[in-house]
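> sequence isn't available, so here's the structure alone:
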């Protein structure tokens, strides 16, 4: 099970940190990811990380502003979002995929959290 939290309302240029708590077993052989879905748009890839934290990958739209990380002791993944823009407004979903290889494709992910709303106001 994945439980996303940390969303909210923030002004342009502000920061938020999203959390994704994983439960129900060991995720050491999983890769994790964040996706987002804005109103009227398809769910898109944001970032992915190996559970060890050694490997990461970002969408161009968030590179340099967002940082993905994991805390193995807490079984939790994070997404630190800085310099937020209005176009970052979306519901953010965390996901896990079996296997250690990273992926930007929604169809590769086996488990999904419920989503947390991020709203950036100008």
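Structure's in. What do you need? Predicted model, so just to flag it, every value in this text is computed and none were measured.
> show me the contacts for the residue nearest the centre of the chain.
Geometric centre of the chain, nearest residue: residue 34, 2.5 Å, by C-alpha atoms, centre = their mean. By C-beta atoms under 8 Å, 6 or more residues apart in numbering, residue 34 lies in contact with 18, 20, 46-48, 68, 77, 79, 92-95. Every C-beta, even on glycine, is put in place using the N, C-alpha and C of the backbone.
> and those residues, which are buried?
With burial judged by 16 or more other C-beta atoms under 10 Å, the buried subset of the contacts of residue 34 is 18, 20, 46-48, 68, 77, 79, 92-95.
> in a markdown table: the contacts of residue 34, plus distance to residue 121, pLDDT and secondary structure.
Shown next, in a markdown table, are the contacts of residue 34 (distance: C-beta to C-beta, whole Å; pLDDT from 0 to 100; DSSP: H, G, I helix; E, B strand; the rest coil):
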| residue | distance to residue 121 | pLDDT | secondary structure |
| --- | --- | --- | --- |
| 18 | 18 | 98 | strand |
| 20 | 24 | 96 | strand |
| 46 | 20 | 98 | strand |
| 47 | 23 | 98 | strand |
| 48 | 28 | 98 | strand |
| 68 | 24 | 98 | strand |
| 77 | 26 | 95 | strand |
| 79 | 19 | 98 | strand |
| 92 | 16 | 98 | strand |
| 93 | 21 | 98 | strand |
| 94 | 23 | 98 | strand |
| 95 | 27 | 97 | strand |
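> just put the residues you listed in TSV and tack on distance to residue 116.
Below are the contacts of residue 34 laid out as TSV (distance: C-beta to C-beta, whole Å):
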residue	distance to residue 116
18	6
20	9
46	12
47	15
48	17
68	15
77	13
79	10
92	5
93	8
94	9
95	13
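> helix/strand/coil for the residue nearest to residue 53 when sequence neighbours are not counted?
Distances taken as C-beta to C-beta, 6 or more residues apart in numbering put residue 70 closest to residue 53, at 4.8 Å, once the chain neighbours are dropped. Secondary structure, DSSP: H, G, I helix; E, B strand; the rest coil: residue 70 is strand.
> residues in contact with residue 70?
Each residue near residue 70 by C-beta under 8 Å, 6+ apart is listed here: 32, 49, 51-53, 76-78.
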